[in-house]
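**Student:** 3D, please:
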Amino acid sequence: MKRKVYTIKGVKEYLDGVVSKAEQIGFKRAETIGRRIGQSHYRGCFSEYEYINTRRVLRSPELFDTIEDFTSKIKLDDKALVEYILNFKQGDFLDWMDYDLWQSNTVGKFLSFALTDDNNIEFKNGDEIESIPVPKYSAIEFNTSEIHRVVKVNKQQTWLVLMVPDYLDLDKTFKEII
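**Tutor:** Predicted coordinates:
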């Protein structure tokens with residue numbers, strides 16, 4: 001699967017609503033080891049950021065409904081397997097993350113929406129590092145097994161991270177709204 005950035009029309013109010021509801025319920029801080037699904041702690045990769053995980057989204061009816069309204073708008077009704085919000089304050093970062101768990105059994109791919117200006121994500125392929133800017137209200141699609149990071153930020157970056165089924169053809173899904 002090739003990475004792709006999508007700019008979708010008419011989503012500003014929905015994504016601003018996600019940010020507003022997320023700020024109302026508050027973020028949890030991940031510091032040092034935290035929860036590491038991708039075994040990054042074994043490699044000494046520690047990250048610092050704030051988050052709202054899927055469980056918390058599901059326990060917050062107003063945030064859940066806001067995200068559901070958004071996914072309905074972009075024709076992903078009932079397709080989001082994971083709904084996660086990452087918030088990076090000045091100096092925060094996400095160290096290299098690879099989801100070893102999904103390397104051989106991929107069930108989904110990430111669709112990460114930039115909720116702030118100047119969002120950027122880096123990918124590693126061998127010794128090569130590719131930096132991809134993702135404009136506000138746009139999204140990047142990439143495989144869950146790709147090694148990626150968010151370098152230390154100079155100003156706030158917030159992301160709505162959805163995992164959608166691998167089989168989903170987002171070009172076809174978004175055809176009428178991009």
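
**Student:** Can you find the helix or strand of this protein with the lowest average pLDDT?
**Tutor:** strand 94-97 (a mean of 78; mean pLDDT, DSSP states H and E).

**Student:** Buried residues of stretch 127-134, list them for me.
**Tutor:** Neighbour-count burial for stretch 127-134 flags residue 134 (criterion: 16 or more other CB atoms under 10 Å). Where C-beta positions appear, they are placed from N, C-alpha and C, glycine not excepted.

**Student:** would you list every one of the strands in this protein?
**Tutor:** 4-7, 28-30, 49-52, 82-88, 94-97, 108-114, 119-125, 128-134, 138-143, 147-150, 157-165 (DSSP state E).

**Student:** Residues contacting the shortest one, please?
**Tutor:** By CB atoms under 8 Å, 6 or more residues apart in numbering, the surrounding residues in contact with strand 28-30 are 47-53, 56.

**Student:** Then stretch 85-93?
**Tutor:** With CB under 8 Å, 6+ apart, stretch 85-93 has contacts from 18, 22, 27, 47-52, 57, 94, 115, 149-161.

**Student:** re earlier: take the strands of the chain and lay them out in a markdown table including distance to residue 72.
**Tutor:** Converted to a markdown table, the strands of the chain look like this (distance: least, CB to CB, whole Å):
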| stretch | distance to residue 72 |
| --- | --- |
| strand 4-7 | 17 |
| strand 28-30 | 27 |
| strand 49-52 | 20 |
| strand 82-88 | 13 |
| strand 94-97 | 28 |
| strand 108-114 | 15 |
| strand 119-125 | 23 |
| strand 128-134 | 22 |
| strand 138-143 | 16 |
| strand 147-150 | 27 |
| strand 157-165 | 13 |
